[in-house]
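Q: Here is my input; please provide its structure:
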Amino acid sequence: MNIKKIIKITFKIILIILGLIVVFLIGFFIYLNSLLISNPEFADNYQTQPGTYTQLDDSTRIFGNNSLRKLQEGFYEMYIEGEPFERGNAIGILTSDLHEYQEDAFINQIKKMIPGEFYLKFLKYFVAFFQPRY
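A: Presented below is the predicted three-dimensional model:
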């Protein structure tokens, strides 16, 4: 074979490989960008109220005009008022420790079902990759 032909074929192969690498990197960055969570546009218009709730008794919490009460049956009853963003803020303040407790219970149950740390990390990335993004 002619040396020019070998150089030409080698050059084409290198260009194809470089092209595939560029396409892969662009796809990877698009994928990473889809994972980023941005602030909603309306969030700048509202100020969150940093605060804590007032515990009236063992079963009742109050934050402003909002309240959370635990019933005898073990259920919770909540009264919330205000604009949507304010309601979400009040719900977050009134239920913050309940959310933490629920997260801990969930994680502990997952760790009971999947004892291996490596397999747990594998499943985390597997679910994150195949989770539908609407």
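Q: what about the most centrally placed residue in the chain, is that helix, strand or coil?
A: With distances taken as C-alpha atoms, centre = their mean, Ile37 lies nearest the centre of the chain, 8.0 Å away. At Ile37 the chain is in coil, as set by DSSP: H, G, I helix; E, B strand; the rest coil.
Q: can you pull the contacts of it?
A: Applying C-beta atoms under 8 Å, 6 or more residues apart in numbering to Ile37 gives no contacts. Bear in mind the C-beta positions are built from the backbone N, C-alpha and C, glycine included.
Q: any idea of the pLDDT on Gln47?
A: Turning to Gln47, the model gives it a pLDDT of 67.
Q: Could you do the one 5 residues further on as well?
A: The predicted local distance difference test score for Thr52 is 85.
Q: follow-up on the earlier one: the residue nearest to the centre of the chain and Gly51, how far apart?
A: Relative to Gly51, Ile37 is positioned 25 Å away (C-beta to C-beta, to the nearest Å).
Q: Output stretch 117-131 as PDB - backbone C-alpha positions only.
A: Extracted in PDB, the C-alpha atoms of stretch 117-131 (Å, rounded to 0.1, in the frame of the first residue of the first chain):
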ATOM      1  CA  GLU A 117     -23.000   0.000  50.400                       C
ATOM      2  CA  PHE A 118     -21.700  -0.500  46.800                       C
ATOM      3  CA  TYR A 119     -25.000  -1.900  45.600                       C
ATOM      4  CA  LEU A 120     -26.900   1.000  47.300                       C
ATOM      5  CA  LYS A 121     -24.700   3.500  45.400                       C
ATOM      6  CA  PHE A 122     -25.200   1.600  42.200                       C
ATOM      7  CA  LEU A 123     -29.000   1.600  42.700                       C
ATOM      8  CA  LYS A 124     -28.900   5.400  43.400                       C
ATOM      9  CA  TYR A 125     -27.300   6.200  40.100                       C
ATOM     10  CA  PHE A 126     -29.400   3.600  38.300                       C
ATOM     11  CA  VAL A 127     -32.600   5.200  39.500                       C
ATOM     12  CA  ALA A 128     -31.300   8.700  38.800                       C
ATOM     13  CA  PHE A 129     -30.400   7.800  35.200                       C
ATOM     14  CA  PHE A 130     -33.600   6.000  34.400                       C
ATOM     15  CA  GLN A 131     -36.000   8.300  36.300                       C
END
